[in-house]
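Student: missing the sequence, but the structure's below:
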């Protein structure tokens, strides 16, 4: 019986998730994402909300509902503010924000957390808020249950000066970005927020 279960467990592991912000509430797919990115992209993200970006451009290009002017798959995996308007966080300059990430399949690489202007897809503020230049989500640490706690539960500080940006809901996101170098896969998850 065990020999029959092991192949099933291995199959489930390859088909399941990789990584996603679990708190605060990240952007999720919905009708606004379907209208911008097409049903194929949203169906793929809905099946695995923590999967990588690679592969989504091909799905989008084949979907008549995809609107290149409205769907940037390399920003929050194309997920739209309209689907997350009820989950906008309010932060103050200098506030420390706790972020929790769920990692389920590791791919060692680099990661960062940044504030991104959603219109221009550019960083807001002086630099990323937090950077792991290498060694993020190392498989050896993960499977030995030794993943550093600061890779899945960390604080970022909202900069004092955001150049007048991030006062309007949907204008900015806190984006967690991770690139698994061996797997050559990109993972993104975004928190909508305003500064008040």
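Tutor: Ah, there it is. Remember, predicted model here, so these are calculated numbers, not experimental data.
Student: what about residue 47, how many neighbours?
Tutor: 10 (other C-beta atoms under 10 Å). All C-beta atoms are positioned from the backbone trio N, CA, C, and that covers glycine.
Student: what do you get for residue 121?
Tutor: Counted by other C-beta under 10 Å, the residues lying close to residue 121 total 12.
Student: so it touches residue 76, yeah?
Tutor: No. Counting by C-beta atoms under 8 Å, residue 121 does not reach residue 76; the two are 9.8 Å apart.
Student: Just list whatever residues bridge to the residue lying closest to residue 129 once chain neighbours are set aside.
Tutor: Leaving aside its sequence neighbours, residue 129 sits nearest to residue 156 (C-beta to C-beta, 6 or more residues apart in numbering; 4.1 Å). Going by DSSP bridges, residue 156 is paired in beta bridges with residue 97.
Student: separation between residue 156 and residue 176?
Tutor: Distance from residue 156 to residue 176, counting by C-beta to C-beta, to the nearest Å: 9 Å.
Student: Please apply the same query to residue 191.
Tutor: In terms of C-beta to C-beta, residue 191 sits 8 Å off from residue 176.
Student: So residue 29 is in contact with residue 39, correct?
Tutor: No. The pair residue 29 and residue 39 fails to qualify as a contact (C-beta under 8 Å) at a distance of 10.3 Å.
Student: quick one on the thing from earlier: hey, what's in contact with both of residue 191 and residue 176?
Tutor: The contact sets of residue 191 and residue 176 overlap at 21, 99 (C-beta atoms under 8 Å, 6 or more residues apart in numbering).
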